[in-house]
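S.K.: Build the 3D model from these lines:
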Amino acid sequence: MGRFRYGWPLTAVLAGAAVIALAGTLAAHADRSPERTGTGWSSEDGGWSQPATPPTGLSSTTRPAPPAAPQRFRTLPPGAALPTGAQCATWVRERPSPENKRMNLMANAATGHKIGPDILADSRANATFAPRVDGAFTGSTKDILRWAACKWGVDEDLVFAQAAIESWWRQTVFGDYTSDPTRCAPGHGLGVDGRPGQCPESFGILQDRHPYQKSAWPGVSRSTAMNADLAYAIWRSCFEGHEGWLNDEERGRPYVPGDQWGCVGRWYSGRWHTPDSEDYINRVKDYLNRRIWETRDFQQP
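M.R.: Numbers count the residues shown, from 1 in each chain. The predicted model follows:
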């Protein structure tokens, strides 16, 4: 994958800081953005909605009905309230999907763990997003990707397409091989994984990259949910505008919040709308337009 692959910008890496990033799946831009109303974010076509304040006139024993499960999880705008992992788990399990990647069975049954402050560079992201990462879900591969899309407010089709680009939806995939032993993950030293003198830096369904995500180890390797959870926490941090360092590096345009495709490209290259980023974005869009995850050759039940 890319030289900078969802890690710190080059200058930050040389300074010894650690941020992360790596490669991924895609879904189209939201068909419409939720409109801000007096009761919170809502979407006429099935998006998630949560009142900003409790409705008036309810007795102490009255409870509002739980929100209905969206038919499809769409991109939520910057600043939107995100549903909890538990709420997303409930919604996804209302319409479970069959398994189509048998090699993921063990990792799909494993949950993850908390991460440290070494991954998200911005203090706001570390305060609000890092504590949410836990990989606390089990299910089929598609269900796990839908859960991550719901939890982080990303269009689920974008997630499906990016995960197909990264790994063909296989949690067992290793990538970004290096000959530098200091970048090898525990248990994956030089030559251990079948390439003499090399070790993989990237692991799993979204190819999370160990040198920039050390506190996420070993969860991102052992748990499909943990791998996807962390990848889209990083995407959301970018989407919210928490990665101002991108404006200090090579870029094709100024970094701004709310650019979901820019954040997809940043996962691959660690840069903002550069030629490498655009090439990756176009490949994800191609898989999205073809809905590659629904084709016969993609299925490995």
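
S.K.: wait, doesn't Phe298 sit right on Trp168?
M.R.: Yes - shown here, Phe298 and Trp168 form a contact pair, counting by C-beta atoms under 8 Å, at 7.2 Å. Quick note: C-beta positions are derived from backbone N, CA and C, even for glycine.

S.K.: Okay, now the unreliable bits of this structure?
M.R.: Low-confidence segments of the chain (pLDDT under 70): 1-63.

S.K.: how about a cut-off of 50?
M.R.: Applying pLDDT under 50 to the chain flags residues 1-60.

S.K.: just the strands in it please.
M.R.: Residue ranges of the strands in the chain, as given by DSSP state E, are 35-37, 40-42, 174-178, 199-203, 208-209.

S.K.: Now do the fourth one against strand 174-178: the angle between them, please.
M.R.: Translated: strand 199-203. Here the directions of strand 199-203 and strand 174-178 differ by 140 degrees (axes from the mean of the first three to the mean of the last three C-alpha atoms, to 10 degrees).

S.K.: The stretch 151-300 of the chain: helices as residue ranges?
M.R.: Ranges of helices in the stretch 151-300 of the chain, per DSSP state H, counting those that start in this stretch, are 156-167, 219-222, 224-240, 260-269, 275-290.

S.K.: Pick the most deeply packed of those.
M.R.: Most buried of the helices of the stretch 151-300 of the chain by mean neighbour count (mean count of other C-beta atoms under 10 Å) is helix 224-240; its value is a mean of 29.

S.K.: can you give me the angle that one makes with strand 199-203?
M.R.: Computed by the same axes, to 10 degrees, the angle between helix 224-240 and strand 199-203 is 70 degrees.

S.K.: Make 45 the starting number, not 1.
M.R.: Got it, the first residue is 45 from now on, which makes the last one we talked about helix 268-284.

S.K.: Take helix 268-284, keep the C-alpha atoms, and write them as PDB.
M.R.: Extracted C-alpha coordinates of helix 268-284, given in PDB (Å, rounded to 0.1, in the frame of the first residue of the first chain):
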ATOM      1  CA  THR A 268     -12.400  -8.200  12.800                       C
ATOM      2  CA  ALA A 269     -14.600  -5.900  14.800                       C
ATOM      3  CA  MET A 270     -11.600  -4.200  16.500                       C
ATOM      4  CA  ASN A 271      -9.900  -3.800  13.100                       C
ATOM      5  CA  ALA A 272     -12.900  -2.000  11.600                       C
ATOM      6  CA  ASP A 273     -13.800  -0.100  14.700                       C
ATOM      7  CA  LEU A 274     -10.300   1.500  14.800                       C
ATOM      8  CA  ALA A 275     -10.200   2.200  11.100                       C
ATOM      9  CA  TYR A 276     -13.400   4.200  11.100                       C
ATOM     10  CA  ALA A 277     -12.600   6.000  14.400                       C
ATOM     11  CA  ILE A 278      -9.600   7.400  12.400                       C
ATOM     12  CA  TRP A 279     -11.900   8.200   9.500                       C
ATOM     13  CA  ARG A 280     -14.300  10.100  11.700                       C
ATOM     14  CA  SER A 281     -11.500  12.000  13.300                       C
ATOM     15  CA  CYS A 282     -10.400  13.100   9.800                       C
ATOM     16  CA  PHE A 283     -14.000  13.800   8.800                       C
ATOM     17  CA  GLU A 284     -14.600  16.000  11.900                       C
END
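
S.K.: could you measure the closest residue to Pro255 other than its chain neighbours against Leu149, distance?
M.R.: Excluding the flanking residues, the one nearest Pro255 by C-beta to C-beta, 6 or more residues apart in numbering is Arg227, at 4.7 Å. Arg227 sits at a distance of 29 Å from Leu149 (criterion: C-beta to C-beta, to the nearest Å).

S.K.: Of the two, give the one with the bigger neighbour count.
M.R.: Higher neighbour count among Arg227 and Leu149: Arg227, with 16 against 13, using other C-beta atoms under 10 Å.

S.K.: Provide a list of residues in contact with the more buried one.
M.R.: Arg227 makes contact with Cys243, Glu245, His254, Pro255 under the criterion C-beta atoms under 8 Å, 6 or more residues apart in numbering.

S.K.: Next: Asp166.
M.R.: Contacts for Asp166 (C-beta under 8 Å, 6+ apart) come out as Ser281, His286, Glu287, Gly288.

S.K.: Could you verify my assumption that Val177 touches Pro161?
M.R.: No - Val177 is not in contact with Pro161 according to C-beta under 8 Å; the separation is 11.6 Å.

S.K.: Comparing these two, which residue is more hemmed in?
M.R.: Set Val177 next to Pro161 and count neighbours by other C-beta under 10 Å: Val177 wins out with 27 against 13.

S.K.: Distance of the more buried one relative to Arg315?
M.R.: Plainly put, Val177 is 24 Å away from Arg315 if you go by C-beta to C-beta.
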